[in-house]
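In: need a structure here:
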Amino acid sequence: MQGREKKEYNDLFFVCSLIEYVARKTKNQNRAVVSAIGKERLQHYLSLADVYHSDNIDRVTDTLIEESGLTTGSFDNITTAKYKIPTHWEIGRIYQRLITTISEQQHLPLMDALHAAYNSPITDKIADYNSSMYYENPDYIYQSYLNGSPL
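Out: Numbers count the residues shown, from 1 in each chain. Next comes the predicted model:
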């Protein structure tokens with residue numbers, strides 16, 4: 001472990017931020033991005049996150065979009081936001097914390113926990129920047145995940 005968290009968790013933070021960046025760029029929901037990218041490719045990006053993190057994020061996302069065959073969707077939570085829009089890094093941190101908690105509490109590999117988190121109904125509330133979900137306490141978000149909806 002270097003720094004404040006495990007390297008694997010820091011790499012996961014980058015991958016979650018990358019998912020958010022791709023979702024915004026392609027106007028797709030995060031779950032659609034995760035599905036299109038697939039477990040194998042996500043694992044690849046997770047294992048090389050320290051390399052990709054050093055690269056230009058637009059180049060990395062353009063390559064990822066092309067490799068995944070992602071097309072432009074119609075989901076746009078940016079223009080409908082009435083308040084401060086969180087950065088892709090801020091949303092990446094929320095998902096990273098949720099995924100690591102799922103992994104630790106349910107004894108799941110990170111990639112399985114990632115898929116569980118992004119396919120949860122709670123993602124709709126996290127993506128709603130007019131709600132307070134994206135800045136809630138990590139334990140509240142986890143408990144809401146377990147509940148299948150905000151508490």
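In: Run through the helices of the chain in chain order.
Out: Under the criterion DSSP state H, helices of the chain are mapped to 7-26, 30-37, 39-47, 49-53, 57-68, 88-106, 110-118, 122-126, 138-147.
In: Make JSON lines out of these and add distance to Ile78.
Out: All C-beta spots, glycine's among them, are computed from the backbone N, C-alpha and C. Below are these laid out as JSON lines (distance: least, CB to CB, whole Å):
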{"stretch": "helix 7-26", "distance to Ile78": "6"}
{"stretch": "helix 30-37", "distance to Ile78": "13"}
{"stretch": "helix 39-47", "distance to Ile78": "23"}
{"stretch": "helix 49-53", "distance to Ile78": "23"}
{"stretch": "helix 57-68", "distance to Ile78": "16"}
{"stretch": "helix 88-106", "distance to Ile78": "11"}
{"stretch": "helix 110-118", "distance to Ile78": "19"}
{"stretch": "helix 122-126", "distance to Ile78": "14"}
{"stretch": "helix 138-147", "distance to Ile78": "21"}
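In: rank the ones you listed by pLDDT, which is bottom?
Out: Here these differ in mean pLDDT, and the lowest is helix 49-53 at a mean of 77.
In: How far off centre is that one?
Out: How far helix 49-53 lies from its chain's middle: 16 Å, per CA atoms, centre = their mean, to the nearest Å.
In: in that helix, what's buried?
Out: Ala49, Tyr52, His53 (16 or more other CB atoms under 10 Å).
In: Next, the contact list for the nearest residue to Thr26 once chain neighbours are set aside, please.
Out: On the basis of CB to CB, 6 or more residues apart in numbering, the spatially nearest residue to Thr26 that is not a chain neighbour turns out to be Leu70, at 5.0 Å. For Leu70, the contact set (CB atoms under 8 Å, 6 or more residues apart in numbering) comprises Val22, Thr26, Asn28, Val33, Ala36, Ile37, Leu64.
In: What confidence value was assigned to Leu70?
Out: The model's pLDDT for Leu70 equals 95.
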